[in-house]
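# Just the structure for this:
(chains A, B, C and D)
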There are 2 protein chains.
Amino acid sequence: MPSQNPFQLFESEKPRLVKKGEVLIKSGQKASEAFYVVKGCLRSYMVDAKGKEHIYQFAPEDWIISDLEFFKNKGVAFLTIDAVENSEVKSIPTSRIFNITAEDPALVQEAFNKFQNRVYALQQRVIQLLAYSAEERYQEFIKTYPNLSNRLPLKMIASYLGLTPESLSRVRKELVKGR
Amino acid sequence: MPSQNPFQLFESEKPRLVKKGEVLIKSGQKASEAFYVVKGCLRSYMVDAKGKEHIYQFAPEDWIISDLEFFKNKGVAFLTIDAVENSEVKSIPTSRIFNITAEDPALVQEAFNKFQNRVYALQQRVIQLLAYSAEERYQEFIKTYPNLSNRLPLKMIASYLGLTPESLSRVRKELVKGR
DNA sequence: CTTTTTACTTGATTTATGGTAAGAAATAAA
DNA sequence: TTTATTTCTTACCATAAATCAAGTAAAAAG
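Here you go, the predicted model:
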């Protein structure tokens, strides 16, 4: 969810420092915050029955990240959110995002744009998971997020793409050979 | 994108009849409409390089369906939308959805709810594609959309779940045996 | 109805990706 | 630095799902 200017909704909030690895929202927890990343990178993920992590989203600078399941799920977070790097974030209760109707129309417009971008990004993600091979998904990832692909450990990119680290390592090897 | 009451935005539109198989938006086409399904069922899908269809979304009664890529893609539709059954639909230009700021606050609130539901549904979909096996995805589908699973041909459900019809047929066979 | 087309099933085989394991490289900690 | 920990690579093998192929069932068209 990138934006030209920091989202107005977060403007008045004080940024907070979070250390690499620090957990901001824990799955099963009864809290719901949305985070705006000023600096660094957060991620959201779920852990399956076998203990394997599946990364749903990365949020580098200027992105917003939260767990929307909250509303559907009796106020219990479904995803875990933690910091991939030492970061600086602003936060608001998620509920505020859905209660801005009466406020500034510019804010409403801004929220619409965010939602539009978000739905668009998710559409891309679903299509890629449905229709693309491991190699195609990886190539698309580095094309779409060139900045992220050199900052993130391979195993996290693999998790985001629905692959094992071993498979992504092999894919990468093939790509190098191919040039 | 289900809703309690038909979305206000579509209220004043005249419903139009579409026949099973009729194409409403064609990939590559320079049109962008959002459809509200009064009766029947629509779907959106993309066709990959090998000619294989991948279904992104189904829209039965009371759902909204459109191609958001439009905005990002120089006004060219990425997905194709057609009718899975004889249907009755209302439509508006997609752009209207993003230009309702100045109008009725209730409308804005309604749009927020739709977006929230949509992002939530997409989150579920991504997580399932990342973390679930063929069998788990199918079971989740019939649990989440019990009504849809008996109306749709198996091959479309397979496409939606990212499977071949052969694989889904086998999954189904195993499930019957298991009981 | 009868015919034609499309959808579904099932078996045999292949393929892409996963799992295991061990070592190398890189990063973090001491 | 040196050591410890984590990440990445690579080889070998396993497996879920895809592909191919052929037949059956069901739906649409005549």
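# Could you pull out the buried residues of stretch A:40-59?
Using 16 or more other C-beta atoms under 10 Å in any protein chain shown as the test for burial, stretch A:40-59 gives A:40-46, A:54-59. C-betas here are computed from N, CA, C, even on glycine.
# wait, which of those residues is closest to A:E22?
A:L42 (9.5 Å; C-beta to C-beta).
# would you turn the buried residues of stretch A:40-59 into CSV with pLDDT and secondary structure?
Listed next are those as CSV, based on pLDDT from 0 to 100; DSSP: H, G, I helix; E, B strand; the rest coil:
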residue, pLDDT, secondary structure
A:G40, 96, coil
A:C41, 97, strand
A:L42, 97, strand
A:R43, 97, strand
A:S44, 97, strand
A:Y45, 97, strand
A:M46, 97, strand
A:H54, 98, strand
A:I55, 98, strand
A:Y56, 98, strand
A:Q57, 97, strand
A:F58, 98, strand
A:A59, 97, strand
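# Please save the CA atoms from stretch A:36-52 in PDB.
C-alpha atoms of stretch A:36-52 as PDB (Å, rounded to 0.1, in the frame of the first residue of the first chain):
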ATOM      1  CA  TYR A  36       2.300   3.100   9.100                       C
ATOM      2  CA  VAL A  37       5.900   2.300   8.400                       C
ATOM      3  CA  VAL A  38       8.100   5.500   8.500                       C
ATOM      4  CA  LYS A  39      11.400   3.600   8.200                       C
ATOM      5  CA  GLY A  40      12.400  -0.100   8.100                       C
ATOM      6  CA  CYS A  41      10.100  -3.000   7.200                       C
ATOM      7  CA  LEU A  42       7.300  -5.000   8.900                       C
ATOM      8  CA  ARG A  43       5.600  -8.200   7.800                       C
ATOM      9  CA  SER A  44       2.400 -10.100   8.600                       C
ATOM     10  CA  TYR A  45       2.200 -13.800   8.500                       C
ATOM     11  CA  MET A  46       0.300 -16.900   9.800                       C
ATOM     12  CA  VAL A  47       1.700 -20.100  11.100                       C
ATOM     13  CA  ASP A  48       0.100 -23.300   9.800                       C
ATOM     14  CA  ALA A  49      -0.700 -26.600  11.700                       C
ATOM     15  CA  LYS A  50       2.800 -27.900  10.900                       C
ATOM     16  CA  GLY A  51       4.400 -24.800  12.300                       C
ATOM     17  CA  LYS A  52       5.400 -23.400   8.900                       C
END
